[in-house]
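> any chance you can model this:
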Amino acid sequence: MKTLILGGVRSGKSRLAERLAVASGRQVVYVATAVPGDAEMLRRIEAHRRHRPQDWLVVEEPLALGQVLGELAEPGRCLVVDCLTLWLTNLLSHADPARLGSERIALLEALPALAGDLVLVGNETNMGVIPLGEISRRYCDEAGLLHQALAARCDRVVLVVTGLPQLLKGPSLDVVDTAGGWAQPTRRVPSASIPQRFPTPERVSGLPIVGKRQIGRGLLPRNRVGANRVENDRFVDLLRHGAVVSGERFRGVADARLSARGFAQMHAAAARSGRGVGRHSPLYDALFSSPARRCAEPARELAARHGLPLELMPELSERRFGAWENRLAGELPSAELKRFWDDPAGFTPPGAEPFEALRERVLRGWDRILGHRTDFPLVVTHGGVIRVILGQILDLSAAAMMRIEVPPACRTRLRVPVGEGRPSLIFHGGAEPCGAVS
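Numbers count the residues shown, from 1 in each chain. Now for the predicted structure:
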């Protein structure tokens, strides 16, 4: 089922989209198109984050919407795009004027083949007079044409006015607002007959509550055991960033944003966190991250969602690769590449950071993390950094470190004794093959 929901500002369109997604009974992936360009927009984004159910995957994609939907759509999923308005605005302000046309075509061509459910949310802004400004007039023209094209391709179209959904096309809405604010446009379905992923919630300060915790606070485990202490030891999770848009390359100072798949990997890794420490599931109490975009963006999202302190540490940056920056492994001389993996301490790529300098920097950062008063921090960083930390804990040579595979979104858990004793490895895992270091 593909549903297009249109409405004015604060009309209740996003709330309706979220309820439809919950009622679908499918795994929900929320595709956010907003870019936090100012403080007010950031507050709006945070408000939406607080209200979303905690088990939803969130993917941020301001431009390549059609491509992302094609990557994410599965028979057992419901995708929610919020919103088309900001996506269109991002494209209208893009430096490449041709980008809007190409992305619009990509979205419209992707829709018919998408598996599972899809809910598209957009602002209906074309019910007033023609605006005076040129860019405003162009936006209204593009929005009107886009909405017409989407409406023709969607199974159901709904216009939301003052919180009341008006069905324009397709089957009726088998969902009601638990706060009592929505009217059913064709028929009202008793709440007991609605397929619910969550029980009908209480409401406290405007946020839905299930049991004793708020929906929408995020993906991390909830139960604390003795202020996060398990068997009087501390724990540290190391998490490599997810897949990036241009694939596996040698990246140190070069940076790239996470792909839709990469964001999904990070959310899935966070959802699995807290398992495997005895019988308990402690809660992270701090976040440390590399300042690189591919690490810092998901780290900021996790920190904001869970109210965790976040520190960006230059010591957690990936190795600087000099002339190898942003290169594919297949583009490099095979003899040099072999020496890099076989003898990292003895061979340094042209202009790159020496291995011993990398090791000294990373271990300085590791000591800083251990010096913080935290019981269970999460460290978001890079493959090279994780190898160095594991090498220190396991007394590995530089060459042996390089034989540790650290695929995208690979999570590693370490036990740090309180008092005497050395840190130990609990598990190191990842489901995808590892390529070049990034």
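> how's the protein carved up into domains?
2-214, 233-429 (automatic domain parsing).
> gap between the longest one and the chain center?
Read it as domain 2-214. On the basis of C-alpha atoms, centre = their mean, to the nearest Å, domain 2-214 sits 17 Å off its chain's mean C-alpha point.
> can you check the shortest one too?
Once both centres are worked out by C-alpha atoms, centre = their mean, domain 233-429 turns out to sit 18 Å from its chain's centre.
> what's the mean pLDDT across it?
Here domain 233-429 scores 88 as its mean pLDDT.
> okay, the domains of the chain, which one's buried deepest?
domain 233-429 (a mean of 19; mean count of other C-beta atoms under 10 Å). Glycine gets a C-beta too; all of them are placed from N, C-alpha and C.
> what about that domain, start to end distance?
21 Å (C-alpha to C-alpha, to the nearest Å).
> next: stretch 94-103.
12 Å.
> again, but for stretch 61-69
Counting by C-alpha to C-alpha, you get 10 Å between the two ends of stretch 61-69.
> contacts for it?
Stretch 61-69 has contacts (C-beta atoms under 8 Å, 6 or more residues apart in numbering) with 31-35, 59, 79, 81, 86-87, 90-91, 94, 99, 103, 105-111, 114, 118, 260.
> quick one: the closest residue to Ala398 other than its chain neighbours from Gly391, how far?
Among residues not flanking Ala398 along the chain, Ala345 sits closest, at 4.1 Å (C-beta to C-beta, 6 or more residues apart in numbering). As for Ala345, its distance to Gly391 is 11 Å (criterion: C-beta to C-beta, to the nearest Å).
> overlap of the contact sets of these two?
Ala398.
> spell out the residue ranges of the helices in the stretch 51-200 of the chain.
Counting by DSSP state H, counting those that start in this stretch, the stretch 51-200 of the chain has helices at residues 65-72, 84-92, 99-110, 134-153.
> which outside residues touch the second one?
This means helix 84-92. Contacts for helix 84-92 (C-beta under 8 Å, 6+ apart): 33-35, 62-63, 65, 81, 99-100, 103-104, 120-123, 125, 135, 138-139, 142-143, 146-147, 150.
> send over it as PDB, restricted to the C-alpha atoms.
Extracted in PDB, the C-alpha atoms of helix 84-92 (Å, rounded to 0.1, in the frame of the first residue of the first chain):
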ATOM      1  CA  LEU A  84       8.500  15.800   0.600                       C
ATOM      2  CA  THR A  85       8.400  19.500   1.200                       C
ATOM      3  CA  LEU A  86      11.900  19.700   2.700                       C
ATOM      4  CA  TRP A  87      13.200  17.300   0.100                       C
ATOM      5  CA  LEU A  88      11.900  19.500  -2.700                       C
ATOM      6  CA  THR A  89      13.300  22.600  -1.000                       C
ATOM      7  CA  ASN A  90      16.800  21.000  -0.700                       C
ATOM      8  CA  LEU A  91      16.800  20.200  -4.400                       C
ATOM      9  CA  LEU A  92      15.600  23.700  -5.400                       C
END
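> how big is the angle separating it from helix 99-110?
140 degrees (axes from the mean of the first three to the mean of the last three C-alpha atoms, to 10 degrees).
> find the nearest non-adjacent residue to Lys161, please.
Wrong residue type there; residue 161 is Val, not Lys. Nearest to Val161 is Ser11, by C-beta to C-beta, 6+ apart, at 6.2 Å.
> so what's the residue most central in space within the chain up against?
The chain has Phe263 as the residue nearest its centroid, 3.6 Å off, counting by C-alpha atoms, centre = their mean. With contact taken as C-beta under 8 Å, 6+ apart, Phe263 is in contact with 57-60, 242, 298.
> 10 Å - rerun?
By C-beta atoms under 10 Å, 6 or more residues apart in numbering, the residues touching Phe263 are 29, 31-32, 57-61, 68, 72, 242-243, 257, 297-298, 301, 409.
> just the element for it, please.
Assigned by DSSP states H and E, Phe263 belongs to helix 260-271.
> tilt between that helix and helix 65-72?
Angle of helix 260-271 versus helix 65-72, following the same axes, to 10 degrees, is 50 degrees.
> phi, psi for Leu312 please.
For Leu312, the backbone dihedrals (degrees, to the nearest 10) come out as phi -90, psi 120.
> roughly how far apart are Lys2 and Pro309?
Taking C-beta to C-beta as the measure, Lys2 falls 41 Å from Pro309.
> please apply the same query to Lys169.
48 Å.
> next: Glu356.
31 Å.
> ok, Leu107 next?
For Leu107, the distance to Pro309 - C-beta to C-beta - is 38 Å.
> with Leu283 instead?
13 Å.
> try Thr85
For Thr85 relative to Pro309 (C-beta to C-beta), the value is 33 Å.
> cool, Leu65 as well?
From Leu65 to Pro309 the distance is 33 Å (C-beta to C-beta).
> also Leu92?
Leu92 is 37 Å from Pro309, by C-beta to C-beta.
> now His48: which helix or strand?
Element membership of His48, judged by DSSP H and E, is helix 39-51.
> in PDB, list the C-alpha atoms belonging to that helix.
Taking C-alpha atoms only, helix 39-51 is exported to PDB below (Å, rounded to 0.1, in the frame of the first residue of the first chain):
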ATOM      1  CA  ALA A  39      18.500  26.300  15.700                       C
ATOM      2  CA  GLU A  40      14.700  26.400  15.100                       C
ATOM      3  CA  MET A  41      14.900  23.600  12.500                       C
ATOM      4  CA  LEU A  42      17.000  21.600  14.900                       C
ATOM      5  CA  ARG A  43      14.400  21.900  17.600                       C
ATOM      6  CA  ARG A  44      11.700  20.700  15.100                       C
ATOM      7  CA  ILE A  45      13.800  17.700  14.200                       C
ATOM      8  CA  GLU A  46      14.400  16.900  17.900                       C
ATOM      9  CA  ALA A  47      10.700  17.100  18.600                       C
ATOM     10  CA  HIS A  48      10.000  14.600  15.800                       C
ATOM     11  CA  ARG A  49      12.700  12.300  17.100                       C
ATOM     12  CA  ARG A  50      11.200  12.300  20.600                       C
ATOM     13  CA  HIS A  51       7.800  11.300  19.400                       C
END
